[in-house]
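In: sharing a sequence plus its predicted fold:
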Amino acid sequence: MLAYLVTMRFGWGMPWYRIENMLNHDGITFHRATMCKQVGRLGNAIGSVFGELERHTLDDATRVFIDETPIKILRPGTGKTGQSYMYAAHRDDSSFGGNAPRSTVFYHKISRAMPHIHNILGGQSLIAQHDGYPGYGRLGQPDTDVENIVSVECWVHARRNFIKVARTTNSAFADEVTERMGELFEIEDKIRGWPPDARLSYRKDRSGPIIRNLRPRLEEIYAEILQKGSLGKAINYTLERWSSLTLFLEDGRIDLDTNPVERQFKPIILLRKGALFIGSEEGGDTWAIMSSLVETCKLNRVDPYRYFVWMIDDLAEMKTKHLDDDIDYTVGVLSPNVPFRIVMIRKTTANS
């Protein structure tokens, strides 16, 4: 039943009241408050599994995508809701020929403030691709806990500004920039899945000239137009981020956009529409843990329901056999068609 509840809520976006009604229709009485408590306890029990998934996604990675989406949360003692955020760190090495299992870890945070981002990425040494929100502004800066992060921004967000200008003002220059940026994405389609060195070499030959011609053109037009207008803002947005946007010409592992992580939020957004708000910070943490495991299963074509049935059965068996022992729950790699397994390892004592 727990596996069913996790899959229906976090896999298919069903709010607790709807699951309760479905079960009642089948003659099963299971109150939504009990569902919430039981799944919360499961989340606490598999916290170490989440930790191992986090290790695979961040500690062992060389490049991740990171993004966030807002979710309402009930403020204690007020009877009102406020804004919280669900962050996602997504690992997908396939675009540069990597074969590590794809994975996503979610984090629930009470705000969009910079310290929360540093809490996720602090101490890591990797490439972080993001949407350019100011909260990511200190990534890679010396004397911070994120100084070893290579901060890379998104060409889709830059291009989107020019598309909007072209639609609203019929600007010929906006059309020109949109077309040139589109050529960069066409080149990327051809080299998707190539090794980093091959991607980098191809980019320098094909994308390099486009980039070298684009910047002077942006600067030329920017000097001639009203800089506070929509076109001026679009140009300024791109030029301010130019060094970050063009890092793809220096490292073949970098992609041009953050689309892979944005797609991970679809189930979160679906559930957000049905559930309306999170009842507590603990509920947000449970949501993050369960969604991390469910979405990682989906990414690797593993049935989340069968995965949770297997994991919960093994968890119950181990706790029954070793009531007086601490149990370490870690994740290992299975055969190619199964990304992760929960390996229950009985902790050995110093005397064993």
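Out: That came in fine, so what should we check first? Numbers count the residues shown, from 1 in each chain.
In: only C-alpha atoms from now on, for both contacts and neighbour counts.
Out: OK.
In: contacts only, for Leu270.
Out: Gly13 (C-alpha atoms under 8 Å, 6 or more residues apart in numbering).
In: what's the average pLDDT for the strand or helix carrying it?
Out: Assigned by DSSP states H and E, Leu270 belongs to helix 266-275. Across helix 266-275, the average pLDDT comes to 88.
In: kindly report the same for stretch 113-120.
Out: On average, stretch 113-120 scores 94.
In: now do the buried residues in that stretch.
Out: His116, Ile117, His118, Ile120 (16 or more other C-alpha atoms under 10 Å).
In: out of the residues you listed, list just those in helices.
Out: Using DSSP state H, the members of those that fall in helices are His116, Ile117, His118, Ile120.
In: closest to Gly229 among those?
Out: Ile117 (31.6 Å; C-alpha to C-alpha).
In: state the distance from the closest one to Asp285.
Out: 16 Å (C-alpha to C-alpha, to the nearest Å).
In: go on, Asp251?
Out: For Asp251, the distance to Asp285 equals 35 Å [C-alpha to C-alpha].
In: same check on Ala100?
Out: 26 Å.
In: the lengthiest helix in the chain: which residues count as buried?
Out: Ranked by residue count and defined by DSSP H, the top helix of the chain is helix 196-222. Neighbour counts over helix 196-222 (16+ other C-alpha under 10 Å) mark 196, 199-203, 207-208, 210-211, 214, 218, 222 as buried.
In: will you turn the residues you listed into JSON lines that also has distance to Glu54 and pLDDT?
Out: Below are the buried residues of helix 196-222 laid out as JSON lines (distance: C-alpha to C-alpha, whole Å; pLDDT from 0 to 100):
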{"residue": "Pro196", "distance to Glu54": "24", "pLDDT": "97"}
{"residue": "Arg199", "distance to Glu54": "28", "pLDDT": "97"}
{"residue": "Leu200", "distance to Glu54": "29", "pLDDT": "97"}
{"residue": "Ser201", "distance to Glu54": "32", "pLDDT": "97"}
{"residue": "Tyr202", "distance to Glu54": "33", "pLDDT": "97"}
{"residue": "Arg203", "distance to Glu54": "32", "pLDDT": "97"}
{"residue": "Ser207", "distance to Glu54": "34", "pLDDT": "97"}
{"residue": "Gly208", "distance to Glu54": "35", "pLDDT": "97"}
{"residue": "Ile210", "distance to Glu54": "38", "pLDDT": "97"}
{"residue": "Ile211", "distance to Glu54": "36", "pLDDT": "97"}
{"residue": "Leu214", "distance to Glu54": "39", "pLDDT": "96"}
{"residue": "Leu218", "distance to Glu54": "41", "pLDDT": "96"}
{"residue": "Tyr222", "distance to Glu54": "43", "pLDDT": "92"}
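In: which one of the residues you listed is nearest Trp242?
Out: Ile211 (9.8 Å).
In: and for the residue nearest to that closest one when sequence neighbours are not counted, the neighbour number?
Out: Distances taken as C-alpha to C-alpha, 6 or more residues apart in numbering put Thr246 closest to Ile211, at 7.9 Å, once the chain neighbours are dropped. Neighbours of Thr246 under the rule other C-alpha atoms under 10 Å: 19.
In: go on, Phe308?
Out: 20.
In: in which helix or strand does it reside?
Out: helix 304-321.
In: go on, Cys36?
Out: Following DSSP H and E, one finds Cys36 within helix 32-45.
In: and if you look at Gly82?
Out: Counting by DSSP H and E, the element that carries Gly82 is strand 81-91.
In: quick revisit: mind giving me the packing neighbours of the longest helix of the chain?
Out: Judged by 3 or more C-alpha pairs under 8 Å, 6 or more residues apart in numbering; DSSP states H and E, the packing partners of helix 196-222 are helix 172-191, helix 230-240.
In: show me how far it is from its chain's centre.
Out: 28 Å (C-alpha atoms, centre = their mean, to the nearest Å).
In: please apply the same query to stretch 219-228.
Out: 36 Å.
In: just the endpoints, please. Distance across it?
Out: 15 Å.
In: low-confidence ranges in this structure?
Out: The model of the chain has pLDDT under 70 over residues 316-352.
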